[in-house]
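A.B. asks: Could you work out the structure for the sequence below:
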Amino acid sequence: MISAVYALIAIGFTMIFGVGGVLNLAHGALIMLGAFAYLGLTSTGGMLSLPPLVGFVIAVAVSAAASYAMYAGLVQFIEENVVITFLATVVVALLATELVTFWFGTDPYQLVPLVAGSIHLETVGTRVRYMELLGFVISWIAIGLLWYYVTQTDEGRSILATSMSERGAQLTGVDLDFVKSRTWLIAGAFAGIAGVFLGSLLSTYPEMWLNPLAIAFIIVVIGGIGSIKGSVVAAYLIGYLETVTIQFLGSSFQGIFSLVVLVVVLLVLPQGLYGREFVHE
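C.D. replies: Below you'll find the model as predicted:
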């Protein structure tokens, strides 16, 4: 179930890199923004106290809009310079963290779950929260809709074409700016969904995005940069590996084996499981 959330984060991260070649480290800040937007909209002490479902939809929309605004207002003007773009996204992430810290403080919050309660699985001796099941279902609905969009619609296929070759896509009449804007919008929405579920299942605090962003980077490299299929496969691999590690070795060993897998993949398959091999022209 945590793998399903990891997949959402990694897909948004890899789409932006695959289409525009931008290593967007502010993607983590969008996860945090989604969680805190949901907190502000649904908490009992807030000004609105909206129903959880309404707050969830608005929080996802806020995260998507913030991602689009970041591209339209900043990245599109500097994306030709890889280093400057990388540094700019770092600055945006740090600035967002400071603003959230100023507004909400550093204490962790517990979000209002979209669905309360849990189910006891007697056969395996564990209890699963309905929120975890909902996260799994919504993740696959989002992934399914994205798959349909990029394979069955002209606008979606233009995203695939751009990720393969910007010049080739442009020669066939694809509007690159429009494609990249939509990509950032979709990635922001996925980050917002992941943020709400991460904040609900764990806790919500300003630095909550650091670990998921690091995991997303590992997943993207293992799965293959720019590959949605690779991100999904690698997300479940890393998710299961972390869960087994915590179960048998403890939380202090959580990330060790993920790093081991990352090193092995880099040595054996530098392009990742499903990535395209880079060719020097």
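
A.B. asks: Going by C-alpha atoms from here, please, whenever you check contacts or count neighbours.
C.D. replies: Fine.

A.B. asks: Now do the helices in the protein.
C.D. replies: Using DSSP state H, the helices of the chain run over 2-20, 27-42, 52-70, 76-78, 82-104, 130-152, 154-164, 166-171, 176-201, 210-223, 228-249, 256-268.

A.B. asks: any chance of those in TSV, with distance to Tyr274 and mean pLDDT too?
C.D. replies: Rendered in TSV, the data for the helices of the chain read as follows (distance: least, Cα to Cα, whole Å; pLDDT from 0 to 100):
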stretch	distance to Tyr274	mean pLDDT
helix 2-20	12	89
helix 27-42	22	92
helix 52-70	26	95
helix 76-78	28	91
helix 82-104	24	92
helix 130-152	16	92
helix 154-164	14	86
helix 166-171	20	82
helix 176-201	20	92
helix 210-223	6	89
helix 228-249	5	87
helix 256-268	11	87
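
A.B. asks: among these, which is nearest Leu114?
C.D. replies: helix 52-70 (5.3 Å; Cα to Cα).

A.B. asks: other SSEs contacting the closest one?
C.D. replies: helix 27-42, helix 176-201 (3 or more Cα pairs under 8 Å, 6 or more residues apart in numbering; DSSP states H and E).

A.B. asks: angle of the first one against helix 52-70?
C.D. replies: What that stands for is helix 27-42. Here helix 27-42 runs at an angle of 140 degrees relative to helix 52-70 (axes from the mean of the first three to the mean of the last three Cα atoms, to 10 degrees).

A.B. asks: And stretch 95-112, end to end?
C.D. replies: Separation of the first and last residues of stretch 95-112 by Cα to Cα, to the nearest Å is 26 Å.

A.B. asks: what's that stretch in contact with?
C.D. replies: Where contact means Cα atoms under 8 Å, 6 or more residues apart in numbering, the residues beyond stretch 95-112 that reach it are 29, 38-39, 42-43, 52, 196, 199-200, 202-207.

A.B. asks: what's the closest of these to Met70?
C.D. replies: Ala29 (11.4 Å).

A.B. asks: Which residue comes closest to the closest one once chain neighbours are left out?
C.D. replies: Nearest residue to Ala29, sequence neighbours excluded (Cα to Cα, 6 or more residues apart in numbering): Ala93, at 5.2 Å.

A.B. asks: My understanding was that the one you found contacts Leu25; is that so?
C.D. replies: Yes - look at Ala93 against Leu25 with Cα atoms under 8 Å: they come within range, at 6.9 Å.
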